[in-house]
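**Q** Curious how this folds, go ahead:
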Amino acid sequence: MDAVDTTMEKLRAQCLSRGASGIQGVARFFRHLDRDGSHSLDVGELQRGLAELGLVLDAAEAEGVCRRWDRDGSGTLDLEEFLRALRPPMSQAREAVIAAAFAKLDRSGDGVVTVDDLRGVYSGRAHPKVQSGEWTEEQVLRRFLDNFDSSEKDGQVTLAEFQDYYSGVSASVDTDEEFVAMMTSAWRL
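**A** Residues are numbered from 1 along each chain as shown. Just a heads-up that it's a prediction; the model follows:
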């Protein structure tokens, strides 16, 4: 394990010690710090932000973390990648139930969930905005799909995007049994 991995383990442990809202709280805080909407932070912003949260890194640790998630050579870290890396790894049981839920949605079996796939599994006709005539059923299904899509909403959700979404949820659920029960109930697996 290199120094950056050790630093990330330290940060993850500090976040998780704050309970279910630990990593989510860090995510909210950093998105607030990203005043220019660039989805990135420089070394100083990262170090000051973490210090405000009581998560202290020395300059070398902060530089290492920024370098690891500097995707474009700009000297800043990609916020989404950093937050994704903070999440604890998921167990095989969690990954399996996420894959089962995705497979249920992916009616065409092409590895991508679209509104057409959803239409085969769910109906948006009972949604209050469809009932009032404000939205179409297509709009309801698209909004639902957008929950799982990456930041670039393209109307298609891949297994990786679906797993990424549930990785965030997983970080706030203590046991595999609770997570599997929640997924099984929510997706009627």
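**Q** Name the helix or strand of this structure that has the lowest mean pLDDT.
**A** Least confident helix or strand of the chain, by mean pLDDT, DSSP states H and E, is helix 22-33 with a mean of 72.
**Q** Report all helices and strands that it contacts.
**A** helix 3-16, helix 43-52, helix 79-86 (3 or more Cβ pairs under 8 Å, 6 or more residues apart in numbering; DSSP states H and E). C-betas here are computed from N, CA, C, even on glycine.
**Q** Mean pLDDT, mean neighbour count and distance to residue 107 for those helices - can I get that in JSON lines?
**A** Below are these laid out as JSON lines (pLDDT from 0 to 100; neighbours: other Cβ atoms under 10 Å; distance: least, Cβ to Cβ, whole Å):
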{"stretch": "helix 3-16", "mean pLDDT": "78", "mean neighbour count": "16", "distance to residue 107": "36"}
{"stretch": "helix 43-52", "mean pLDDT": "83", "mean neighbour count": "17", "distance to residue 107": "42"}
{"stretch": "helix 79-86", "mean pLDDT": "75", "mean neighbour count": "18", "distance to residue 107": "28"}
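**Q** I'd like the ones you listed as CSV, with distance to residue 153 appended.
**A** Listed next are the helices and strands packed on helix 22-33 as CSV, based on distance: least, Cβ to Cβ, whole Å:
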stretch, distance to residue 153
helix 3-16, 28
helix 43-52, 27
helix 79-86, 14
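**Q** contacting residues around residue 3?
**A** Counting by Cβ atoms under 8 Å, 6 or more residues apart in numbering, residue 3 makes contact with 60, 61, 64.
**Q** For it, give its distance to residue 65.
**A** Separation of residue 3 from residue 65 (Cβ to Cβ, to the nearest Å): 10 Å.
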